[in-house]
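Trainee: I would like the atomic coordinates for the input below:
(chains A and B)
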There are 2 protein chains.
Amino acid sequence: MKTKDTTNTLLKLRKVMASAIYTNHPLKAIIVPSSDAHQSEYLAECDLRRSFISGFTGSAGTAVITQKEAALWTDGRYFLQAEQELDTNWILMKMGLKDTPSIEDWLCSVLPEGSYVGVNPFLYSSSSWNKMKIALEKQGHRLLETTEDLVDQVWDNQPVAPATSLITVQENVAGKTVREKLNDLRQRMIKNGVNWLVLTALDEVAWLYNMRASDIEYNPVFFAYSVVGFNSTHLFIHQNRITDEIKNHLTNDVTVHDYDSIIPFLEQNCSSEKTWLSTNSSHAIVSAIYQIYRVTTMYSPVSMTKCVKNPTEINGMIVANNRDAVALCRYFHWMDMEVPKGNVTECSAAAKSLEFRQQEDGFVSLSFATISSSGPTGSIIHYCPNKDDDKPVKADQLYLCDSGAQYRNGTTDTTRTMHFGTPSQHEKDCFTRVLKGHIALASVVFPEGAKGFWLDALARMHLWKVGLDYRHGTGHGVGSFLNVHEGPVGCYIGNSSRVVPFAAEVDLKPGMVITDEPGYYEDGKFGIRIENALLCKKAETQHNFDGKEFYTFESLALIPIQQKMIDRSLLTEDEISWLNAYHHRCREVVGNMLKQRGYEATFEWLMKETQPF
Amino acid sequence: MKTKDTTNTLLKLRKVMASAIYTNHPLKAIIVPSSDAHQSEYLAECDLRRSFISGFTGSAGTAVITQKEAALWTDGRYFLQAEQELDTNWILMKMGLKDTPSIEDWLCSVLPEGSYVGVNPFLYSSSSWNKMKIALEKQGHRLLETTEDLVDQVWDNQPVAPATSLITVQENVAGKTVREKLNDLRQRMIKNGVNWLVLTALDEVAWLYNMRASDIEYNPVFFAYSVVGFNSTHLFIHQNRITDEIKNHLTNDVTVHDYDSIIPFLEQNCSSEKTWLSTNSSHAIVSAIYQIYRVTTMYSPVSMTKCVKNPTEINGMIVANNRDAVALCRYFHWMDMEVPKGNVTECSAAAKSLEFRQQEDGFVSLSFATISSSGPTGSIIHYCPNKDDDKPVKADQLYLCDSGAQYRNGTTDTTRTMHFGTPSQHEKDCFTRVLKGHIALASVVFPEGAKGFWLDALARMHLWKVGLDYRHGTGHGVGSFLNVHEGPVGCYIGNSSRVVPFAAEVDLKPGMVITDEPGYYEDGKFGIRIENALLCKKAETQHNFDGKEFYTFESLALIPIQQKMIDRSLLTEDEISWLNAYHHRCREVVGNMLKQRGYEATFEWLMKETQPF
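Mentor: Below you'll find the model as predicted:
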């Protein structure tokens, strides 16, 4: 990680701020968040404005530049990295520490009286905008929308916006046609008393139109907005991306507009009619509708529908996970043979797992950067191996691999922790407690109406027993050939840096897919995580109290859990039964596939790894 | 349960409403909630206005009387009782059913344009008042404060307000002097930037002044308010209650005012200074302070301090529970002998348990009406045996006894479910699952910062496994020689009719006492509940992740859990160990007390009931 000299860029930026070209008033400060116009989790290169202006390349942070100061707020995961990357122009604001001011408080303490502060209104969600506006106005300042992004004005060689090839998802994969999805949405619009629905999240637009692309790495989405009315459907996308195939797919039902015409369209057609918006949409979009006509909810109706997979999508998720299991079994078998020889590195291991996945039908890309970590690096929860500082995978250390892929019919996300030598008793003890938590969530039965956060403690209680815990949520929703982190369902309580935006007070329902990923991390020593994607499904219970349905989970990922890591004396009979039944399913499903594909040695490895415990 | 003829009373009430004597305008409607001026859970006889006016005697409900209609809202526990008690003047509004309107909606649908609606401002919490006011004003109506309670004007022979003898709690029981408590409160007032603190909840006033009485059945409290400033402390109470002993106890630190002078005092002294109020206080109290000077929190600082028992109070709770265990062991031993003879009824059993308790040192009263139920009545969660319809306790039915007492040094609340014959396999199965839930909560270890609701699922998961559940919360806080339901801590998720007001998002801390009371109820057949009060305390864990402390619970109630009800095959080794260790403590503590007191036969019974399982 290198320090970036930002002196000249800041000089140019401050001139633009003072010029008042993109606002009616010279700006005393601008705020540069880590965001795009769709409030995406992962960003395209062209949207890494905060990285460009500050030099800090971590995924989370906000830069604030005044005429005199420049400050960057980021959280505990990134303090070290930010210290290394920021030059002396910058003040590092360590979020979560007692003495660190909020952006609002800091701004008010350094700004001259009656200052104007600018933000690109597309990069700030409506709720963030309102909060900042109120805080600044209380102190006599004003928050202004800039007509262009000011960082873009000083960013030479800014990458162009991606426009990757659009592909369609056929009904035998999507399970519903675009027309069916639109009909369903219009029913919900009637119920909610609105004339228009505005969709701004990229995965929601991709889902509605049964289309995919790869504008953002790992996320099969494309830059677009959509507006749905009762008699018309509008897609806003750079028009040169619409091939004949796509035109055909969209039929006459959908009117295609240029991406940049979304605001004028909203102003002309929707601003004075009841319009449904998510509070996560940008301030630019939300403020195009007159306040009294806005009907806002935290989650859009697409988000609430999309998280419940239909039978076709469920089948696709199963097929994708089974193919992924073949690749991962081949990979872990290979690791079992190669690591003890001493020639495997964290990067070469990750590359090998990609190689096996690429041989699977329907593979599109990884669903996130593979976490391949040996020993100490495993304790860094968001670790990603780095070619410039590659490390060997050692046979006397725990190896943690969290990886997943996009297939044409589903998305996967699986973590296994393995030892290729002899684990210590402490490592086995911790692993077994993580496993007990994983099993507790995977096998729980619960009534309809239960929320994910009700169940979080089940995954932690065996670690708590000995004073251990993990600093992340227990699970997040998974998209169907869409984003690997998908809202709004999930499983966590309290503060969680890892999956916060993707889990909320939404009822768990059959068809939802969430991850089950308890872990334990010992700083500078090792990391343990055991993660399967789980499908929520109806449970067959002896009773049905209050006439309620009861639900449970089915593990989608079928990859052996390493038995040498387990301290059997810590498991109950029920837990041993769960493990044996799980490994039996691995044999039945993945074993058969390995045999059919002629991977005899891997089949033998699987049989050995899944022996009844 | 009898129907009450309310025709004449309603006639008189409507005349008062129309007369405009107690408001500036004739009223088109009044709202009569189930409440007193202190928003107490249990009410004194003189405050049962809603019962008087409607004839419906259940504990929860709101009456609304217009010039033409009279309607009563209550919840599912009381539909049957309300149908029986209300006469034809009344419309029963069944809360929770889809087609039942809210009070606001119903009022707006029946009121003529621009109506005035009256409420006694002491009986409505500030938050309820604001909600109702906004709803009525939206439809062009107005909510008015009445200068006197209108029901009181038509209530002949209304019981007088209670004024029972005040007693003091000495430092060796309270653990802190009044002066120490005031010093502590003033520190919090400084932190919160206020000049005054207003206390309206009766148990908060009783706690602060180390005084008790018995103005409300089961609750050792007295009608009073308190206002704390930096240089003065004010107690508002009917002055003729202040004996020389009490005067001496209060010393010169406290100025005593008449109960009714609270509002003029607030208006003269506090209305224009920063004043700390709970949003649970009445509208009358809150509105005595100008809005810009109000500093409101949901919980008062006394409520937050009081729920963490100091070492002296903890010791008192232990002593009270041990004495209660002696009484209950004698009682259950007696039941074991007498029920099979066929002469015990639900009422006579309850009377017998009171008799045993009355023989214990420091006994003051019961802490709530004893629930003594055999077979079908056990499935009614809020059941209370009735002399007019007494039922035999049968040896071939499950017997559920939920009872508790006020001792001079602590409050108890314990439930045991027993069979005095041969239980069915189904009853044993259900009992064992309830027990597994009870043990899961009683033995959980959790990190500092955990909230009660995180743990609720632990008490339910074994019932959920077979499609069972219970319709109430898992636990509530318990006062220290104070209210048996004490906020704000507790353990529940979601909607819960039984303990809703007494559990919230407050961190669990050592010194807190909550109940652990999972159950299962089969309508018309039987009820099962196993309840102990638990003391939260520091856990000695092998590790301390993130430098955090870990906490666990200690069972305060030491009464055998009937082993014949347990299906051993459903228990894990850990659960059996917990049960044996618990029963060992029963022997050590209660067994010794029984021996010392010469209750040899009960001692033998205890030994038999607590044999290693």
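Trainee: For the residue nearest to residue A:43 when sequence neighbours are not counted, give me phi and psi.
Mentor: Nearest residue to residue A:43 in three dimensions, chain neighbours excluded: residue A:36, at 5.5 Å (Cβ to Cβ, 6 or more residues apart in numbering or on different chains). Any C-beta I mention is one placed from the backbone N, CA and C, and that applies to glycine too. Per-residue torsions, residue A:36: phi -120, psi -170 (degrees, to the nearest 10).
Trainee: same check, this time on the one 5 residues further on
Mentor: Phi and psi for residue A:41, reported as degrees, to the nearest 10, are phi -80, psi -50.
Trainee: so what pLDDT did it get?
Mentor: Residue A:41 carries a pLDDT value of 91.
Trainee: Quick check: residue A:344 vs residue B:78, distance?
Mentor: Using Cβ to Cβ, to the nearest Å, residue A:344 is found at 69 Å from residue B:78.
Trainee: Equivalent analysis for residue A:322, please.
Mentor: Distance from residue A:322 to residue B:78, counting by Cβ to Cβ: 54 Å.
Trainee: And residue A:217, by the same measure?
Mentor: To residue B:78, residue A:217 is 59 Å away according to Cβ to Cβ.
Trainee: of those two, who's got more company?
Mentor: Between residue A:217 and residue B:78, counted using other Cβ atoms under 10 Å in any protein chain shown, residue B:78 has the larger neighbour count: 21 against 14.
Trainee: Hmm, residue B:57 and the more buried one touching each other?
Mentor: No - assessed by Cβ atoms under 8 Å, residue B:78 is found out of contact with residue B:57, at 9.3 Å.
Trainee: what does chain A have sitting close to chain B?
Mentor: A:444-447, A:449, A:451, A:454-458, A:461, A:463-469, A:471, A:493-494, A:539, A:541-546, A:548, A:550, A:572-574 (Cβ under 8 Å from any Cβ of the partner chain).
Trainee: Tell me the pLDDT of the residue in the stretch 51-200 of chain A positioned nearest to chain B.
Mentor: In the stretch 51-200 of chain A, the residue that lies nearest chain B is residue A:76 (11.3 Å; Cβ to the nearest Cβ). Note for residue A:76: predicted pLDDT of 83.
Trainee: so it makes contact with residue A:82?
Mentor: No - counting by Cβ under 8 Å, residue A:76 does not reach residue A:82; the two are 10.6 Å apart.
Trainee: now residue A:540: how far from residue B:460?
Mentor: Residue A:540 is 19 Å from residue B:460, by Cβ to Cβ.
Trainee: Kindly apply the preceding question to residue A:384 instead.
Mentor: Remark: distance between residue A:384 and residue B:460 (Cβ to Cβ) = 39 Å.
Trainee: ok, the two, which is more surrounded?
Mentor: Set residue A:384 next to residue B:460 and count neighbours by other Cβ under 10 Å: residue B:460 wins out with 25 against 16.
Trainee: average model confidence for whichever helix or strand that one is part of?
Mentor: Using DSSP states H and E, residue B:460 sits in helix B:456-464. Helix B:456-464 shows a mean pLDDT of 97.
Trainee: How about stretch A:133-149?
Mentor: Rounded mean pLDDT across stretch A:133-149 is 96.
Trainee: before we move on, what about stretch A:257-272?
Mentor: 98.
Trainee: returning to what we had before: from the chain's centroid, how far away is the helix or strand that the helix holding residue B:460 is followed by?
Mentor: Elements were assigned by DSSP H and E; along the chain past helix B:456-464, the next helix or strand is strand B:475-476. Mean-position distance between strand B:475-476 and its chain equals 10 Å (Cα atoms, centre = their mean, to the nearest Å).
Trainee: Just the residues contacting strand B:475-476, thanks.
Mentor: Under the criterion Cβ atoms under 8 Å, 6 or more residues apart in numbering or on different chains, residues B:441, B:452, B:485-486, B:490-492, B:499, B:502-503, B:514-517, B:534 lie in contact with strand B:475-476.
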